[in-house]
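K.L.:
Structure for this input, please:
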Amino acid sequence: MSTATRVPETFDLDGDDARETLSTIGKRKLLKDAFVRLRAADGTSHARSLAFMVSLCLVQGLIVLLGVASSLANVGLTTTVADNISAAVPGPAGSVLTDAVEQARKLNDRHQFVPLLVAIGGLIVTTTFAMGQIERGLNRIYGVERDRPAAEKYKRAFYLALSVGPLFAVALLFIGFAADPDAASTGTLASIWIYGRWVVAFALVVVALMLLLRFCPNRHQPGRAWLAFGALTGVLLWVTSTALLALGFRLASTFPQTYGPLAGFVALLLWGYLSALAIFYGVAVAAQLEGERAVSREVSTLADDPLPVAAPLDLIHRS
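P.N.:
Sure, this is the predicted structure:
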């Protein structure tokens, strides 16, 4: 597995240094160099592995959500949310989530709580392994060749699964709680909610990605200002890729006929892959920004140090 050039730790720098470095390098050059770093770290392979885990987490999470809500006699509201979340996932991938809705309904109708508990346990385990995969990908992007010891790695991954995982889930819930189109025109509050929920969901995803950047890599990470631009870049790329994928599925009307019953799974895995790739690219942007600052600081230190020039002159005078 490839590893990019190791990024020196610069955790002693502040937010002003981050803004100065970004303005000096230029956003275009930074984004280009981040892509080179992502390729050097074999980010596409890590994205494929994470895409599989994301797809499992999404399906399992929706089954657990609907199963728990149905047990609390809130089936109608939960079905509405599930339908909206299914519509938010591009193309035929939503059909996979629709099937998950039906499965959760059956569990509730038959009062099969044991499978629901198994689903909750499976969701926690899957999310924990997904966080472990994220750590591995982030370490390689930062040039760290080794992950933490297994016990420490998955203990941290478990904590991240219980903290960062719900942030992504709540973001999906905000997307799912769409207002009734007929009622939206009757109230200002409903109109604000139609667009405000997307802002809240976007902010939650940015915070979640910053937490992953802060706690996943096996290194001493810098302050929030150094991670913010990378997190914003990753989330914006994720939103853009999701919209373009949805447009592509809408234009490719033969996609369901080509893949048949597997169309939903193929679409879900493709969306998960693009989402994982967007996250890792955002990480590469944050890593490259820190790396550029470390290089510029070393160059500045060499320029201010007179010893490399004074030493040869001293030897000449002695001779």
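
K.L.:
Hmm, Ile279 and Arg209 touching each other?
P.N.:
One correction, residue 209 is Leu, not Arg. Yes - applying CB atoms under 8 Å, one finds Leu209 in contact with Ile279, separated by 6.4 Å. All C-beta atoms are positioned from the backbone trio N, CA, C, and that covers glycine.

K.L.:
Count the residues that sit near the residue nearest to Ala157 when sequence neighbours are not counted.
P.N.:
Nearest residue to Ala157, sequence neighbours excluded (CB to CB, 6 or more residues apart in numbering): Met131, at 3.7 Å. Using other CB atoms under 10 Å, Met131 has 27 neighbouring residues.

K.L.:
what stretches of the stretch 1-150 of the chain score poorly on pLDDT?
P.N.:
Scanning the stretch 1-150 of the chain for pLDDT under 70 picks out 1-3, 12-16, 66-116.

K.L.:
What is the longest helix of this protein by residue count?
P.N.:
In the chain, assigned by DSSP state H, the helix with the most residues is helix 263-304.

K.L.:
which strands and helices sit next to it?
P.N.:
Counting contacts by 3 or more CB pairs under 8 Å, 6 or more residues apart in numbering; DSSP states H and E, helix 263-304 packs against helix 15-25, helix 27-40, helix 43-71, helix 93-109, helix 113-141, helix 188-215, helix 224-251, helix 255-259.

K.L.:
if we go to 6 Å?
P.N.:
helix 27-40, helix 43-71, helix 93-109, helix 113-141, helix 224-251 (3 or more CB pairs under 6 Å, 6 or more residues apart in numbering; DSSP states H and E).

K.L.:
Distance to Pro217 added to these, as a markdown table?
P.N.:
Shown next, in a markdown table, are those (distance: least, CB to CB, whole Å):
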| stretch | distance to Pro217 |
| --- | --- |
| helix 27-40 | 14 |
| helix 43-71 | 13 |
| helix 93-109 | 30 |
| helix 113-141 | 5 |
| helix 224-251 | 10 |
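
K.L.:
For Ala151, find the nearest of these.
P.N.:
Nearest of the helices and strands packed on helix 263-304 to Ala151, taken as CB to CB: helix 113-141 at 11.7 Å.

K.L.:
count of neighbours near Arg250?
P.N.:
Neighbours of Arg250 under the rule other CB under 10 Å: 11.

K.L.:
whoops, Gly26 was the one
P.N.:
10.

K.L.:
secondary structure element for Ser163?
P.N.:
In the assignment (DSSP states H and E), Ser163 maps to helix 150-176.

K.L.:
Buried residues in that helix, which are they?
P.N.:
For helix 150-176, a neighbour-count test (16 or more other CB atoms under 10 Å) marks 153-154, 156-158, 160-161, 164-165, 167-169, 171-176 as buried.
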